[in-house]
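S.K.: coords please:
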Amino acid sequence: MPSKTNLLLLLLCFGAVGLACNLVQMLGPTPTMPVYESLLPTDTPAAGQPIEIQTDEPPAADPPAAQPGDTAETPASTAPADPDILFWDDFSSPESGWDRLNDVVAVTEYQEGQYRIQVNTAQTYAWANPGQSFGDVIVEVTAARISGGETGYLGVICRYQDAENWYALVFDGYGYAAIRKRTTGQAVQDIVEWQEASGIQTDSSPNQLRAECIGDRLALYVNGSLVIETTDSDFSTGDIGLIAGTLADPSIEVKFDNLVVKKP
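M.R.: Modelled structure (predicted):
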């Protein structure tokens, strides 16, 4: 028969466990920032489920979100003096607010005055956002596919609500373009299937992208030519972003520069 001392110790242990459980329920899980997603069916989350990356570093403070249609504070003092420019970044400062990750599957980082996204696994895409909020916008950016197979793709995200709700306007190394969409509980889908486009540099030369997200119209121009467009009204506001991904090929590396977000 256990002694009174042993019983008291057991009660104290149970009490401590209960207190710990209550603290976990109050504090909840540690917040993480999902910045890539694998669509592979093996040893990875099911298609449509973002992988959440945890690091030992404290999370960076989120910049204050601008209201849709407002002019966001530009991240550099040399921003163009144009009232139609809502946001601008030449990626010369690694403190301008974009997500950063260094992982075996994907890397998103500032590098030598550009923003670099590298994906190291087939059927995976990675993205980064600056933490802004806009309504109708025109997003312009220079992008070069540094390495990777032709099925690798890159482009611009607009109306980003969260990791499960956004549009992406992209093109690949074959010179095909698509408009992709993610909605809660669904895998990413092509709301406009891949179609051949003209005017795209398919080697490592830089391409000038112009994504228009105006009303329900979504359109992508590359080097001045309209390559794909559609209409969709599910999302009307949100953040912008940069994206790169793989299909059959195992890797892609892309560098972005001179991003400008304008009023239509």
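S.K.: Helices along the stretch 101-250 of the chain, start to end?
M.R.: For the stretch 101-250 of the chain, applying DSSP state H, counting those that start in this stretch gives no helices.
S.K.: Where do the strands of it begin and end?
M.R.: For the stretch 101-250 of the chain, the strands defined by DSSP state E, counting those that start in this stretch cover 101-102, 106-111, 114-119, 124-128, 137-148, 153-162, 165-172, 176-182, 189-196, 207-214, 217-222, 225-231, 239-245.
S.K.: Quick one, which of the ones you listed gets closest to residue 37.
M.R.: strand 124-128 (6.0 Å; CB to CB). In this view, the C-beta of every residue, glycine as well, is placed from N, C-alpha and C.
S.K.: who does that closest one touch, helix- and strand-wise?
M.R.: strand 36-38, strand 106-111, strand 114-119, strand 239-245 (3 or more CB pairs under 8 Å, 6 or more residues apart in numbering; DSSP states H and E).
S.K.: average pLDDT for the shortest one?
M.R.: Here the mean pLDDT over strand 36-38 is 69, rounded to a whole number.
S.K.: Look up the closest residue to the residue nearest in space to the middle of the chain, ignoring the ones flanking it.
M.R.: Compute the mean C-alpha point of the chain, and by CA atoms, centre = their mean the closest residue is residue 127, 2.8 Å away. Once flanking residues are discounted, residue 127 sits nearest to residue 243: 4.3 Å by CB to CB, 6 or more residues apart in numbering.
S.K.: Would you state the predicted confidence (pLDDT) at the closest residue to residue 179 other than its chain neighbours?
M.R.: Leaving aside its sequence neighbours, residue 179 sits nearest to residue 192 (CB to CB, 6+ apart; 4.2 Å). pLDDT for residue 192: 96.
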